[in-house]
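Engineer: what follows is a protein structure lacking sequence information:
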């Protein structure tokens, strides 16, 4: 039986979605999900592009609040990718890993291909974290 892992960030559109997608490639012994403090409304298009480059289909991923996840007591690991730990004891049986990561800033948006490079760097940091789990 596979373990259950949840990736958390503020809006569930970038860091946690990227981690959920990448975990499909790197964590075959886990069932992966992601969530946030709020539902942003979708997966960041740059995240979709990076996952596509990695050969990962994220078409079934969607933005949701952590309180929308069923059976929080069955989660084995929670990885918090933002600075603030807002989940408290919502996942009572989970090992909690707090690994804040910055998302590429708005300033990159005016740099064309530079924004994708910044997202690729974020993906590499998440990959490094996943290989340690």
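Structural biologist: Structure's in. What do you need? Treat the numbers as computed from the prediction; the structure is a model and nothing was measured. Numbers count the residues shown, from 1 in each chain.
Engineer: from here on, just use CA atoms for contacts and neighbour counts.
Structural biologist: Will do.
Engineer: who's in contact with the residue nearest in space to the middle of the chain?
Structural biologist: The chain has residue 16 as the residue nearest its centroid, 1.6 Å off, counting by C-alpha atoms, centre = their mean. Residues near residue 16 by C-alpha atoms under 8 Å, 6 or more residues apart in numbering: 7-9, 34-36, 81.
Engineer: now, which of those residues sits nearest residue 75?
Structural biologist: Comparing the contacts of residue 16 against residue 75 with C-alpha to C-alpha places residue 7 closest, at 10.8 Å.
Engineer: tell me which element that closest one is part of?
Structural biologist: Element membership of residue 7, judged by DSSP states H and E, is strand 3-9.
Engineer: helices or strands next to that strand in the packing?
Structural biologist: Contacts defined by 3 or more C-alpha pairs under 8 Å, 6 or more residues apart in numbering; DSSP states H and E place strand 3-9 against helix 15-26, strand 30-36, strand 77-80.
Engineer: outside of the last one itself, list whatever touches it.
Structural biologist: Read that as strand 77-80. Strand 77-80 is contacted from outside by 4-9, 91, 94-100, using C-alpha under 8 Å, 6+ apart.
Engineer: now do 10 Å
Structural biologist: Applying C-alpha atoms under 10 Å, 6 or more residues apart in numbering, the external contacts of strand 77-80 come out as 3-10, 15-16, 19, 30, 32-36, 86-87, 91, 93-101, 129-130, 133.
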